[in-house]
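> turn this into a model:
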Amino acid sequence: MALLITNDYKDDSDSIEEEEMAAVAEEEEEKLVIAGEQDLDMPDNFGEWFHGFRDNVNDLDKALLTAYYEQKQSPENDFKTSAVNQSLQEHGIKLSNPSSSLKRLAAKKLLFQTRKVGKLKYMRVSADGVKYLKTLRS
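Residues are numbered from 1 along each chain as shown. Model prediction:
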C-alpha cells in the first residue's frame, strides 16, 4: 500500500512539474516574438552559424550558440545536453565542461527546461538568451 501512495505522489509531482514547464515555455514564446528571434538567420550548417559571431566569444557563449543551433535543428524546438556536446566535438570546439556551461546558462535564465523524459532533460534558449545572442553577432 505504501508503494502505491509513493507512486501516486510521484505522478502528481511529475504532473505539476510538467504544467510549470509548459507555462514557462508559453511565456517564453510570447517574449521571443518581442525579442525579434526571427532576426537571427539560421544557415544550413553549423560552421556558417558559428562563424557569424565575434571571434572572442567565451566558453559559455560557445555553449549558448551551439545550444541554439541544435534547438533550431530539432523538430521539437528544444535540445538535450548530449546533442550540444556531440556538435561541439564534431566541430573541434573544446569546452572544459559543456554540461556545466549549460547549467550556468540556465542559472542566468538564458536557457529553460521544456520537458523531462525519465532523467533526460530537454531545454530551450530563452528570449533573454536570444537577445544576448544578437549582441554577439559580428
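> C-alpha from now on. contacts and neighbour counts both.
Will do.
> show me what whatever helix or strand residue 66 lives in is packed up against.
Element membership of residue 66, judged by DSSP states H and E, is helix 59-73. In terms of contact count using 3 or more CA pairs under 8 Å, 6 or more residues apart in numbering; DSSP states H and E, helix 59-73 is assigned the packing partners helix 46-50, helix 81-90, helix 98-107, strand 120-125, helix 127-135.
> low-confidence ranges in this structure?
Where the chain drops to pLDDT under 70, the residues are 1-16, 20-39.
> quick one on the thing from earlier: can you give the distance of the helix holding residue 66 from its chain's centre?
Its chain's C-alpha centre lies 7 Å from the corresponding centre of helix 59-73 when counted by CA atoms, centre = their mean, to the nearest Å.
> burial count for the closest residue to residue 104 other than its chain neighbours?
Using CA to CA, 6 or more residues apart in numbering and skipping residues adjacent in sequence, the residue nearest residue 104 is residue 60, 7.9 Å away. The criterion is other CA atoms under 10 Å. On that basis, residue 60 has 18 neighbouring residues.
> contacting residues around residue 60?
Applying CA atoms under 8 Å, 6 or more residues apart in numbering to residue 60 gives the contacts 101-102, 104-105.
> tell me the phi and psi of residue 91?
Main-chain dihedrals, residue 91, degrees, to the nearest 10: phi -100, psi 10.
> that one: how many residues sit nearby?
Residues near residue 91, counting by other CA under 10 Å: 11.
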